[in-house]
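Student: prediction below, plus the sequence it came from.
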Amino acid sequence: MDPTHLAVLDDEPEITRLLTGYLTGHGFRVTPLHTGGDLMRLMASDPPTLVLLDLGLPGEDGFAIARQLREHWQCGLVIVTGRGDAVDKVVGLEVGADDYVTKPFDLRELVARIKAVLRRMTPPAPPAARPSAEPGTRWRFAGWTLDERSRELRSPDGAPVVLTSGEFELLRVLVHHAGRVLSRDFLLEHTRGRSAGPFDRTIDVQIGRLRRKIEADADLPQIIKSVRSAGYVLVPAVEPA
C-alpha cells in the first residue's frame, strides 16, 4: 500500500524540514510547500490526502486558501499556526478545517491528530462479494439519505452534498441518537475523541455548517435543533434506507 500523501504548507523552512523529516519517519509521504501557489499546483498534479496549513503566510490569506481547498477538493485539512486566538480558531473551523493546532506543538500530538482526521475520512472496507450495503449502514431522515459505507449524504432530490470528515462524523452521531438531546461534551468525545474545554466552540461551529447544508433555513432549523443549556437534537425520525 502506498504511503499516505501529506502536504505541509509553511513559509518557515525550518518548520517544513522538521515536519517533513518527522512525518516521513512515521510512514507518510510528505511534500513541503512554502506558498499558496505551490499548494494549488500540487493539488492539480498530485493531490495529497491531507494538508497541514499555516495561516501566517506573508502576503497571503491562509483562510482564503482553506476556502479554496474546501470548494474544489475533498482532502483533510489541519490548520497548524501560531495564531491561537479563539476567533481565528472559530473562523478556521468555519471555513472547513478538520482540526486546528497552535504553535508550539508536540510532534507526537500532531501525528495523533493527523491520524484521527485520516480515520474519520476513511470509510470502512465493504465485505467481499456483497452487492449492497448491509442493513443499518444507510439512513433516511426528512428526505435526506446518509450512507455510512460510502460516507455520502444525499439531499431529498438525490443530489450529493459534500461534507468534511468532521461534519460527517457529527451527523452520523446525531443520526444514531435521533430524538435524544446530546451535549457538546458527548458530541465532541464521540467525534474527536476528547472532552470540550470551557471555551471550545468546535461543535457549535460544525453544527452551524451542517445546518447551512441541510436546513431549508439555517436561522430557523427544523432538523438539528438547539436545546438551551443542554445541547443539540436531531428531530426527524430516522429509518434504514
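Tutor: Alright, I've got the coordinates.

Student: mark out where each domain of this protein begins and ends.
Tutor: 5-121, 138-240 (automatic domain parsing).

Student: and these as a markdown table, adding mean pLDDT and mean neighbour count?
Tutor: C-betas here are computed from N, CA, C, even on glycine. Formatted as a markdown table, the domains of the chain follow (pLDDT from 0 to 100; neighbours: other CB atoms under 10 Å):
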| stretch | mean pLDDT | mean neighbour count |
| --- | --- | --- |
| domain 5-121 | 92 | 17 |
| domain 138-240 | 88 | 16 |
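
Student: tell me where the protein has helices.
Tutor: 13-25, 36-45, 62-72, 86-94, 107-121, 165-176, 184-192, 202-214 (DSSP state H).

Student: I223 is nearest to which of these?
Tutor: helix 202-214 (5.7 Å; CB to CB).

Student: how about residues contacting the closest one?
Tutor: 90, 93-94, 96, 144, 153, 155, 161, 163-164, 166-167, 170-171, 184, 187-188, 191-192, 196, 218, 221, 223-224, 226, 232 (CB atoms under 8 Å, 6 or more residues apart in numbering).

Student: same question for stretch 77-91.
Tutor: For stretch 77-91, contacts defined as CB under 8 Å, 6+ apart pick out 10, 50-56, 62-63, 66, 69-70, 92, 96-103, 105, 110, 113-114, 117, 164, 199, 201, 205.

Student: to H5, which of the helices of the chain lies closest?
Tutor: Closest to H5 of the helices of the chain is helix 36-45 (CB to CB; 9.4 Å).

Student: tilt between the closest one and helix 62-72?
Tutor: If you take axes from the mean of the first three to the mean of the last three CA atoms, to 10 degrees, helix 36-45 sits at 10 degrees to helix 62-72.

Student: L182 - nearest residue in space that isn't next to it in sequence?
Tutor: Take L182 and drop its neighbours on the chain: the residue closest to it by CB to CB, 6 or more residues apart in numbering is G231, 5.0 Å away.

Student: residues in contact with the one you found?
Tutor: So G231 contacts V181, L182, S183, R184, F186, L187 (CB under 8 Å, 6+ apart).

Student: that one pairs with what?
Tutor: Here G231 sits in beta bridges with V227, going by DSSP bridges.

Student: how about L53?
Tutor: Beta-bridge partners of L53, counted by DSSP bridges, are L9, I79.

Student: distance of it relative to T81?
Tutor: As judged by CB to CB, to the nearest Å, L53 and T81 stand 8 Å apart.

Student: mutual contacts of those two, please.
Tutor: In contact with both L53 and T81: G62, using CB under 8 Å, 6+ apart.

Student: before we move on, back to that, out of the helices of the chain, flag the one nearest P3.
Tutor: Between P3 and these, the tightest spacing by CB to CB is seen for helix 13-25, at 8.6 Å.

Student: list of residues touching that closest one?
Tutor: Identification of contacts with helix 13-25 by CB under 8 Å, 6+ apart yields 6, 8, 10, 30, 32-34, 52, 54, 107, 110-111, 114.
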